[in-house]
Every structure is written in C-alpha cells, then in structure tokens.
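> Structure for the following, please:
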Amino acid sequence: MNIFQVIIGTEILNGRREDKHFKFLRDELLKRGYELNASFIIKDDPNLMKDIFYLIKNTPDSFLFCYGGIGATPDDYTRELAAAVFTDKEMDYNRDFIKKIDEKFPHEDNSKKYPLAYWPKNAKPLWNNPINGFPGFYIDNRYFFMPGFPQMSHPMTVEALDKFFPPIKKKERYSLIAYAKESEMLDIMNKIPEYVEFSTLPKLDYTSEISFAGEKAKEIYEWFKNELEKKNIKFEECKSSNS
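Alright, predicted model coming up:
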C-alpha cells in the first residue's frame, strides 16, 4: 500500500499560512499501523497538480489524501483535475450536496454555490464537516479530496480512515546505538537484505542509530550485532518499539 498526501496551497509556500495537515495525517496513519509513502506541498498550479496526480495514479496500490482547492473560486482546480486524472474528465453534480446547500440557505439564489457540488463522476461524499456540513469527496475508495481548512478536513480524514483503513499490526522495530562512524560499518550494511527496512541516523558525535523493521527484522538485527562484535565496535541496544 502506497499512501500519498498532497497539500495544495501557494499560501503555505509563501508563508501566509502554516501547514497543519502533514503531522495530522502521519500520526493518524501511524496509530492504525500505516505509513505515508510521500507528502507533497505544492502551489495552486494546475499543471503541477496534474503531474502529481498522475504520478500517484500510476503508482501501484496507491492511495491519496488531498487537501485544498475544492472550492468554487478561479484558483480552485482540484475538482476538475481530479476528474481529468481519475475519472477520464467526466463530472456531475452531487444531488445530495445540492440539497444540503439549499437546506442551509433556503431563501437565497444558490446557483453560485452549486459548483461546489460539481464533482468527478461517481465520486462519493465525506460528510464529517462540523463547520458547515459541506462534504469533501472520494473516488474508487482510494483517492480522498478535502478542503484546505483543517477544522473541516481533519474530521473527514478520520471518516475516510475509519471506513477504509482498519487497524493493522504495527511493525516491530529493533534499534541500537553504534559507537562508530557510518564508514566503519559500511561493509556490514551492504550485506543487509533488501526485504528488511533498514535505516541509519548518524549523529554529530560520530555515533549512529541503527534500526531494523519488517520481515525477519529480529533475525537481521541479531546478525548485525554479531558483525559489530567481530569488528570490536561497541554498541548499546535500544528498547524495541512498534512503528
């Protein structure tokens, strides 16, 4: 499963607003045993947005959480681009959303609000919006599109996660602090199998935090410790954790 996040907003990149989405989604996924594959913060640039959407669509087993750009002003491109990339340009009005708009504003001409409900064809609503009740939408149970306002989109995110991301077993992670430079351990690291999730975090005091997770992580962790001992490299084991 390859989970992507796209945060759309020139105002974040030019400093007018601070991002609130990355940490929220990352932590919600981790609580359920999932991890992000990548996160993008991009300008309100339709060509860039389309390129990113195609990258995600063309990635096997991909999922998308997209924040921003589903309004009805001229700089809101997300609805149309989502249709162009994920539903072959077909769009339609969501009648339940139209009804919600008319119920909320019963004595107004709502024609200029209706474009909010013009979605990629067959998109379904994410209703959990405690601010104004207006939904985001999702396509094929995989691609989720929500407003840029965290107060609206974060409850929708939880709705999507609760529907489609049941909790799974978290990976066991085994870590140690090696009292050596990375270069001193490179020949050992090069023998680590690719099926093991491996990372090294060097520190300025010439120590390195080494960790293993995933399939047979415990076995490779024990092997790595033995290899360090053969080289007379001291290390200190860390408490194992779930990640």
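
> any weak-confidence spans in this structure?
Scanning the chain with the threshold set as pLDDT under 70 gives 240-243.

> rerun that using 80 as the cut-off
Scanning the chain for pLDDT under 80 picks out the ranges 239-243.

> Can you show me the strands along it?
Assigned by DSSP state E, the strands in the chain fall at 2-8, 36-42, 62-67, 91-93, 118-120, 124-126, 136-139, 143-146, 172-178, 196-202, 208-214, 235-237, 241-242.

> Quick one: closest of those to Glu222.
Judged by CB to CB, the one of those that comes nearest to Glu222 is strand 172-178, at 8.5 Å. Every residue, glycine included, has its C-beta placed from N, CA and C.

> which residues sit against the closest one?
For strand 172-178, contacts defined as CB atoms under 8 Å, 6 or more residues apart in numbering pick out 185, 207-213, 217-218, 221, 224-225, 228, 233-238, 240-243.

> swap the cut-off to 7 Å and go again
Contacts of strand 172-178 with the rest of the structure, by CB atoms under 7 Å, 6 or more residues apart in numbering, involve 185, 207-213, 217-218, 221, 225, 228, 233, 235-238, 240-243.

> Show the buried residues in those.
Among those, those that count as buried by neighbour count (16 or more other CB atoms under 10 Å) are 185, 207-208, 210-213, 217, 221, 225, 228, 233, 235, 240.

> the helices in this protein, which residues?
According to DSSP state H, the chain carries its helices in the segments 10-13, 21-32, 46-57, 78-86, 95-104, 150-164, 182-189, 217-230.

> related to what we said a few turns ago, in JSON lines, list the strands of the chain along with distance to Met152.
As requested, the strands of the chain are exported to JSON lines (distance: least, CB to CB, whole Å):
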{"stretch": "strand 2-8", "distance to Met152": "14"}
{"stretch": "strand 36-42", "distance to Met152": "18"}
{"stretch": "strand 62-67", "distance to Met152": "10"}
{"stretch": "strand 91-93", "distance to Met152": "20"}
{"stretch": "strand 118-120", "distance to Met152": "16"}
{"stretch": "strand 124-126", "distance to Met152": "10"}
{"stretch": "strand 136-139", "distance to Met152": "8"}
{"stretch": "strand 143-146", "distance to Met152": "7"}
{"stretch": "strand 172-178", "distance to Met152": "34"}
{"stretch": "strand 196-202", "distance to Met152": "34"}
{"stretch": "strand 208-214", "distance to Met152": "34"}
{"stretch": "strand 235-237", "distance to Met152": "45"}
{"stretch": "strand 241-242", "distance to Met152": "31"}
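
> tell me the most buried of those?
Burial of the strands of the chain is given as mean neighbour count (mean count of other CB atoms under 10 Å); strand 143-146 ranks first at a mean of 26.

> what sits up against that strand?
64-67, 70, 78, 82, 86, 126, 136-138, 153, 156-157, 160.

> can you list the domain ranges for this structure.
Using automatic domain parsing, the domains assigned to the chain come out as 2-164, 172-242.

> dump the residue contacts of the closest residue to Lys234 other than its chain neighbours.
Of all residues not flanking Lys234 in the chain, Tyr179 sits nearest, at 4.4 Å (CB to CB, 6 or more residues apart in numbering). Counting by CB under 7 Å, 6+ apart, Tyr179 makes contact with 207, 233-235.

> How about Ile12?
Counting by CB under 7 Å, 6+ apart, Ile12 touches 19, 41.

> Any chance you could list what contacts stretch 185-193?
In contact with stretch 185-193 (CB under 7 Å, 6+ apart) are residues 178, 198, 220, 224, 227, 233.

> Identify, from the residues you listed, the entry nearest to Met49.
Phe198 (33.8 Å).

> So the closest one sits against Phe212, correct?
Yes: Phe198 is in contact with Phe212 according to CB atoms under 7 Å; the separation is 5.7 Å.
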